[in-house]
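Participant: Need a 3D model of the sequence below.
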Amino acid sequence: MPIRLKREYWSSTKIDRANYCDYKFFLIYVLGLGSEALNMPYFVKGNVFHKSIENFWLLMHPHAYENDSYLREEISQYKQRHPMKTDELFKNKNSKSISKEENFDVYLEKHSEKKPTIYKYHDAESFADYVRRQWWRPVIADKSLREKLITDISKKEKKKIQKRLIHWEFEAEPYVIANKISNIVKPLYNYLFKEGPPLYSELKFDFVIDGLELNGKDIGPKGFFGYIDEVRIKNGKAVNRDYKSGSPYEIKEMKKEFDPQLTFYNLGLCALCYDDEKLAVQLGVSNIRHQFMGNPMFICPEFDHEFFMVEALGIIENSRKIAPKVEDFSTEKKYQEDYAKWKNQKDKIKTLPEVTIPTKRYDYHFSELIKMIYGAEEIKNRKNIYAESGRKCDRCEMKVACARTIHENQDKLEIGKIDENGQRFLSFVEPPTKVSIRNKAKQTQEQYVQRLFDFRKREPWKGRV
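Facilitator: Prediction:
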């Protein structure tokens with residue numbers, strides 16, 4: 001049974017950091033240097049996309065679906081299930097939550113002194129404009145902070161500002177991303193609109209499981225915390241969906257099969273259904289909910305899971321574009337430029353990505369998850385923690401803190417000391433033994449003969465003595 005206590009909690013992000021790099025986990029959760037994490041552009045971009053998808057139906061004008069009575073009813077029910085989100089969007093402290101009986105649009109009229117401009121878009125084009133504006137907000141804020149940084153302010157204030165800056169990989173990156181947004185979100189709008197609203201989005205879970213054992217050893221209670229991106233009903237089954245921005249080709253077989261995030265989602269949904277019979281009925285597992293939380297299962301095999309690759313739709317749409325025709329252009333130059341652009345996009349698409357990548361989770365995935373958590377906890381007790389330097393470090397948000405701690409600690413480590421001749425040495429490693437093949441040969445014969453090939457005579461050289 002889930003126990004709610006004040007304990008250390010695990011999330012999919014936390015375990016992912018441990019799997020990514022032991023030293024990164026050590027810096028954040030042992031040394032407490034998480035505040036030094038860089039604000040990477042892919043975080044900002046991912047957050048914009050996730051928020052836009054999370055509030056997709058709440059911000060859509062009724063004009064978009066006014067002719068579809070069934071869809072309109074679904075939207076009304078969805079908005080009633082998310083009263084907290086609507087309150088945040090109104091930014092009206094005096095507004096009350098929507099009652100179960102009250103229609104969402106009636107709520108707007110009743111509880112708002114001024115009619116709020118909650119609706120932001122009504123079609124793919126206006127949705128793309130909205131997402132672009134959401135992207136430029138942090139970019140413009142970042143530019144303002146950089147301008148403030150060169151003014152006469154205190155060191156303490158500068159330090160605060162530097163933490164909030166976006167760590168761009170190259171100068172034109174914000175413009176490159178902005179130019180891609182329209183191509184990504186227009187097909188996304190059409191896909192989501194056709195699919196209809198989910199049952200829940202950003203569904204929170206927060207619980208502790210006690211009495212866990214690993215290989216017969218009691219490893220104590222473990223807390224779990226997180227948000228499920230989306231829960232849908234597809235083909236009569238509940239589906240946990242994880243939205244992924246970035247390259248749609250990144251989900252390979254091992255990530256699809258064993259990624260711990262979807263195991264977290266399944267476990268969290270099982271805990272919620274164990275506590276809430278109404279939710280279990282909605283998800284079609286009311287007859288087995290009493291078996292969750294280790295009685296005897298932790299993971300429900302009835303739940304489906306899928307990765308949704310946000311940027312896959314844009315690539316698929318580009319692949320379907322027809323080559324431009326000469327007669328559609330006023331000049332040959334414009335045609336050549338457009339044709340070159342079209343061909344460049346075509347050449348980049350080797351294989352079409354999948355939009356949704358389905359997968360399953362079972363109890364053995366929970367067992368693997370507990371092993372990951374136990375292994376991550378052992379990092380805290382290990383004495384020899386080292387930075388796993390490599391290409392992945394260039395995109396790591398802890399790279400500055402990592403480099404600083406390595407430089408600060410190098411004089412404390414025996415491995416970094418320099419001997420009297422100015423040479424670095426490893427105090428715990430014996431000097432390498434030099435073995436000469438020539439000397440070894442002399443042990444078995446008085447004189448060493450090296451046979452070479454004489455290319456002029458095309459026969460083995462007799463050698464010299």
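
Participant: Give me the number of neighbouring residues for the closest residue to Gly236 other than its chain neighbours.
Facilitator: Counting by C-beta to C-beta, 6 or more residues apart in numbering, Gly284 is the residue found nearest to Gly236 once chain neighbours are left out, at 6.8 Å. Using the backbone N, CA and C atoms, a C-beta is placed for each residue, glycine as well. Look at Gly284: counted by other C-beta atoms under 10 Å, it has 15 neighbours.

Participant: And Gly284, how close does it get to Glu302?
Facilitator: Gly284 sits 7 Å away from Glu302, going by C-beta to C-beta, to the nearest Å.

Participant: Quickly list what's touching both of those two.
Facilitator: 237-238 (C-beta atoms under 8 Å, 6 or more residues apart in numbering).

Participant: what about the stretch 351-465 of the chain, any weak spots by pLDDT?
Facilitator: 411-465 (pLDDT under 70).

Participant: again, 90 this time
Facilitator: Residues of the stretch 351-465 of the chain meeting the criterion pLDDT under 90: 351, 377-395, 405-465.

Participant: quick revisit: surely the residue nearest to Gly236 meets Lys234?
Facilitator: No. Counting by C-beta atoms under 8 Å, no contact exists between Gly284 and Lys234, whose distance comes to 11.5 Å.

Participant: Would you map the strands across the stretch 151-300 of the chain?
Facilitator: Listed in chain order, the strands of the stretch 151-300 of the chain (DSSP state E, counting those that start in this stretch) span 200-209, 213-214, 217-218, 222-234, 237-244.

Participant: would you turn those into CSV with mean neighbour count and distance to Ala323?
Facilitator: Formatted as CSV, those follow (neighbours: other C-beta atoms under 10 Å; distance: least, C-beta to C-beta, whole Å):
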stretch, mean neighbour count, distance to Ala323
strand 200-209, 19, 40
strand 213-214, 11, 59
strand 217-218, 10, 65
strand 222-234, 19, 36
strand 237-244, 20, 31
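
Participant: Quick one: closest of these to Leu262.
Facilitator: Of all the strands of the stretch 151-300 of the chain, strand 237-244 sits nearest to Leu262, with 6.2 Å by C-beta to C-beta.

Participant: ok now the closest one, how far from the chain's centre?
Facilitator: 14 Å (C-alpha atoms, centre = their mean, to the nearest Å).

Participant: Any buried residues in stretch 394-410, and which?
Facilitator: Residues 396-399, 401-402, 405 are the ones in stretch 394-410 that count as buried (16 or more other C-beta atoms under 10 Å).

Participant: Please apply the same query to stretch 172-188.
Facilitator: Buried positions in stretch 172-188, judged by neighbour count with 16+ other C-beta under 10 Å: 174, 177, 181-188.

Participant: And stretch 144-162, by the same measure?
Facilitator: For stretch 144-162, by 16+ other C-beta under 10 Å, it's Leu145.

Participant: repeat for stretch 38-53
Facilitator: Neighbour-count burial for stretch 38-53 [16+ other C-beta under 10 Å]: 38-41, 44-46, 48-50, 52-53.

Participant: and that stretch, average pLDDT?
Facilitator: The average pLDDT within stretch 38-53 is 95.

Participant: quick one: the longest helix along the chain to chain centroid distance?
Facilitator: For the chain, the longest helix by residue count, based on DSSP state H, is helix 124-149. Its chain's C-alpha centre and that of helix 124-149 lie 21 Å apart, by C-alpha atoms, centre = their mean.

Participant: mean confidence score for that helix?
Facilitator: 95.

Participant: Can I get the buried residues of stretch 38-53 in CSV including distance to Ile161 and secondary structure?
Facilitator: What follows is the buried residues of stretch 38-53, written out as CSV (distance: C-beta to C-beta, whole Å; DSSP: H, G, I helix; E, B strand; the rest coil):
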residue, distance to Ile161, secondary structure
Leu38, 13, coil
Asn39, 11, strand
Met40, 17, coil
Pro41, 17, helix
Val44, 16, helix
Lys45, 21, helix
Gly46, 23, helix
Val48, 21, helix
Phe49, 26, helix
His50, 25, helix
Ser52, 27, helix
Ile53, 30, helix
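
Participant: tell me the contacts of Phe307?
Facilitator: Contacts for Phe307 were tallied using C-beta under 8 Å, 6+ apart; they are 241-242, 244, 251, 256, 262, 356-357, 359.

Participant: Try it again at 10 Å.
Facilitator: Shown in contact with Phe307 (C-beta atoms under 10 Å, 6 or more residues apart in numbering): 229, 241-244, 248, 250-251, 255-256, 259, 261-262, 354-359.

Participant: Give the buried subset of those residues as a ChimeraX selection command.
Facilitator: Buried members of the contacts of Phe307, defined by 16+ other C-beta under 10 Å, are picked up in ChimeraX with:
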select :229,241,242,243,244,248,251,256,259,261,262,354,355,357,359
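
Participant: Which of the contacts of Phe307 fall in helices?
Facilitator: Of the positions in those, 255-256, 261-262 sit in helices, assigned by DSSP H.

Participant: returning to what we had before: what's the closest of the buried residues of stretch 394-410 to Leu145?
Facilitator: Nearest to Leu145, judged by C-beta to C-beta, of those is Glu397 at 17.5 Å.

Participant: Which one of the buried residues of stretch 38-53 is nearest to Lys79?
Facilitator: Taking C-beta to C-beta as the measure, Lys79 lies nearest Ile53 of the buried residues of stretch 38-53, at 15.7 Å.

Participant: which residues pair with the closest residue to that closest one other than its chain neighbours across the strands?
Facilitator: Leaving out its chain neighbours, the residue that sits closest to Ile53 by C-beta to C-beta, 6+ apart is Tyr243, at 5.8 Å. Beta-bridge partners recorded for Tyr243 (DSSP bridges): Phe308.

Participant: How far off centre is the helix or strand hosting Phe25?
Facilitator: Taking DSSP states H and E as the definition, Phe25 sits inside helix 22-25. Offset of helix 22-25 from its chain centre (C-alpha atoms, centre = their mean): 17 Å.

Participant: Same question for stretch 184-200.
Facilitator: Centroid separation for stretch 184-200 versus its chain: 20 Å, with C-alpha atoms, centre = their mean.

Participant: Rounded mean pLDDT for that stretch, please.
Facilitator: Mean per-residue pLDDT for stretch 184-200: 95.

Participant: With just CA atoms, put it into CSV.
Facilitator: Listed next in CSV are the C-alpha coordinates belonging to stretch 184-200 (Å, rounded to 0.1, in the frame of the first residue of the first chain):
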residue,chain,number,x,y,z
ILE,A,184,7.1,21.3,-36.7
VAL,A,185,3.9,22.5,-35.1
LYS,A,186,1.5,22.9,-38.1
PRO,A,187,1.4,19.1,-38.8
LEU,A,188,1.4,18.6,-35.0
TYR,A,189,-1.8,20.7,-34.7
ASN,A,190,-3.6,18.7,-37.4
TYR,A,191,-2.5,15.4,-35.8
LEU,A,192,-3.7,16.3,-32.3
PHE,A,193,-6.9,17.9,-33.5
LYS,A,194,-7.8,14.8,-35.4
GLU,A,195,-6.9,12.6,-32.5
GLY,A,196,-9.0,14.6,-29.9
PRO,A,197,-8.3,15.5,-26.3
PRO,A,198,-6.6,13.1,-23.9
LEU,A,199,-8.2,11.9,-20.7
TYR,A,200,-5.5,13.6,-18.5
